[in-house]
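*Asks:* Turn this into a model:
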Amino acid sequence: MMEGLQGLAVRRATEPREVPADATANFGTVFTDHMFLMRYESGQGWHGPKIEPLHALGLVPGTSVLHYGQAVFDGLKGFRGKDGEIRLFRPEAHARRLRRSAERLAIPPLAEEWVVESFLRLVDIDRGWVPGERGTAIYLRPAIIASEPAIGLHPSHSYLYFLILSPVGAYYAEGAAPVSIVATEEFVRAAPGGLGEAKTPANYAASLLAAERAKEAGFTQVLWLDAVERRWIEEVGTMNIMVRLGEEVVTPPLSGTILPGVTRDSALALMRSWGLKVSERPLAIDALIAAAKDGALAEVWGTGTAAVVSPVGEIGWRGERVRVADGKAGALTRRLNDALTAIQYAEAPDPYGWTVPVPVFN
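*Replies:* Modelled structure (predicted):
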């Protein structure tokens with residue numbers, strides 16, 4: 001067994017590319033010069049960590065992941081602070097979630113400390129790609145896929161862990177402006193006992209048709225309801241959802257169908273430290289719409305790594321469009337976004353130790 005990532009092999013690109021001037025213009029479409037790779041084989045475990053120039057994976061058509069979807073991934077960001085130093089936001093929490101997702105998909109989990117080190121090592125090598133403008137970041141996408149060339153249905157005997165990086169800007173075209181969402185009774189994201197709490201491609205593939213229907217109807221994203229009663233709100237798009245009802249902030253509880261968001265956890269910690277009343281409890285869509293109509297619904301927002309905090313200005317439900325308060329980002333939404341991003345960019349103290357500086361290894 002390795003201690004840390006001893007034996008890490010590094011092969012640098014012989015002709016590094018010039019960072020495009022518009023690298024952050026379209027989220028997740030530009031990738032840096034290098035990637036991190038590590039393999040698993042039954043009887044051998046995880047081995048052979050290496051950093052190489054970015055290249056195609058070269059999977060054969062019979063590779064297990066292509067047929068049975070045994071795969072997990074995660075996503076986190078690194079930020080270039082006002083002091084020029086690069087820091088990752090809560091890498092340990094993302095490594096822990098990757099491990100938990102892997103366990104749910106019957107994938108041999110990677111040691112969390114190895115995953116965190118892979119983050120730090122790769123960002124260090126491609127640190128020249130980390131943008132410095134406010135509102136930009138380096139997005140890290142770690143993933144584990146079943147790599148056995150076999151089409152028999154069973155947990156794979158081999159796996160590939162890879163990590164790629166992408167300089168990014170705003171996730172939504174609206175930027176910080178409020179988005180519109182529509183609740184659907186036709187489609188569901190996840191069912192009890194399913195994969196909802198794991199970050200796996202199947203959850204996202206299942207959301208695409210509903211998202212397209214929402215866009216066709218003039219909305220930005222889908223408000224997901226539970227799979228049993230089609231009544232209880234769960235997530236919004238690919239984000240966790242929070243609402244402010246009077247003086248209470250409500251977010252659905254993590255009951256197995258909702259992804260445990262790292263930004264969600266961070267927002268809850270901040271609001272509780274501010275002395276706000278925060279409840280993790282079920283909230284019905286009819287109660288949400290009624291609160292919007294009678295003025296009790298003060299704010300709605302989504303939280304996630306990509307968008308951080310995204311205000312919601314309008315909710316669609318059964319053919320009706322209902323505005324949230326005045327349709328603008330609320331005071332608490334703005335405060336949360338400002339507090340989180342100030343920590344991420346090292347513009348404010350980090351009392352929780354959420355940010356981890358990226359060292360220079362070589």
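*Asks:* And for the residue lying closest to Glu113 once chain neighbours are set aside, the neighbour number?
*Replies:* The spatially closest residue to Glu113, leaving aside those adjacent along the chain, is Gly4, at 6.7 Å (C-beta to C-beta, 6 or more residues apart in numbering). Backbone N, C-alpha and C define where each C-beta goes, glycine included. When neighbours are counted by other C-beta atoms under 10 Å, Gly4 registers 12.
*Asks:* Give me the below-cutoff pLDDT ranges for the stretch 51-200 of the chain.
*Replies:* 173-175 (pLDDT under 70).
*Asks:* Which parts of it are helices?
*Replies:* In chain order, the stretch 51-200 of the chain shows helices spanning 64-68, 91-104, 112-125, with DSSP state H, counting those that start in this stretch as the criterion.
*Asks:* care to break the chain down by domain?
*Replies:* When the chain is parsed with automatic domain parsing, its domains come out as 9-169, 179-329.
*Asks:* Would you reformat those domains as TSV and include mean neighbour count and distance to Arg335?
*Replies:* Written out in TSV, the entries for the domains of the chain read as follows (neighbours: other C-beta atoms under 10 Å; distance: least, C-beta to C-beta, whole Å):
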stretch	mean neighbour count	distance to Arg335
domain 9-169	18	17
domain 179-329	19	8
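*Asks:* Out of those domains, flag the one nearest Thr341.
*Replies:* Of all the domains of the chain, it is domain 179-329 that lies closest to Thr341, at 6.3 Å by C-beta to C-beta.
*Asks:* just to revisit the earlier point, if I look at the residue nearest to Glu113, how far off is Ala93?
*Replies:* As for Gly4, its distance to Ala93 is 19 Å (criterion: C-beta to C-beta, to the nearest Å).
*Asks:* As JSON lines, the helices of the stretch 51-200 of the chain with distance to Asp294 would be great.
*Replies:* Compiled in JSON lines, these are given as follows (distance: least, C-beta to C-beta, whole Å):
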{"stretch": "helix 64-68", "distance to Asp294": "48"}
{"stretch": "helix 91-104", "distance to Asp294": "38"}
{"stretch": "helix 112-125", "distance to Asp294": "46"}
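*Asks:* Figure out which of those helices is closest to Val30.
*Replies:* For Val30, the closest of those is helix 112-125, at 15.4 Å, according to C-beta to C-beta.
*Asks:* What angle do helix 91-104 and the closest one make with each other?
*Replies:* If you take axes from the mean of the first three to the mean of the last three C-alpha atoms, to 10 degrees, helix 112-125 sits at 130 degrees to helix 91-104.
*Asks:* what's helix 112-125 in contact with?
*Replies:* The set of residues that contact helix 112-125 without belonging to it, under C-beta atoms under 8 Å, 6 or more residues apart in numbering, is 2, 4-5, 8, 10, 12, 33-36, 38, 46, 49, 51, 76, 78, 86, 88, 91-92, 94-96, 98-99, 130, 138, 140, 142, 161, 163, 165, 356, 358-362.
*Asks:* Tell me the pLDDT of the residue of the chain most remote from its centre.
*Replies:* With distances taken as C-alpha atoms, centre = their mean, the residue sitting farthest from the centre of the chain turns out to be Asp294, at 33.5 Å. The predicted structure scores Asp294 at 94 on the pLDDT scale.
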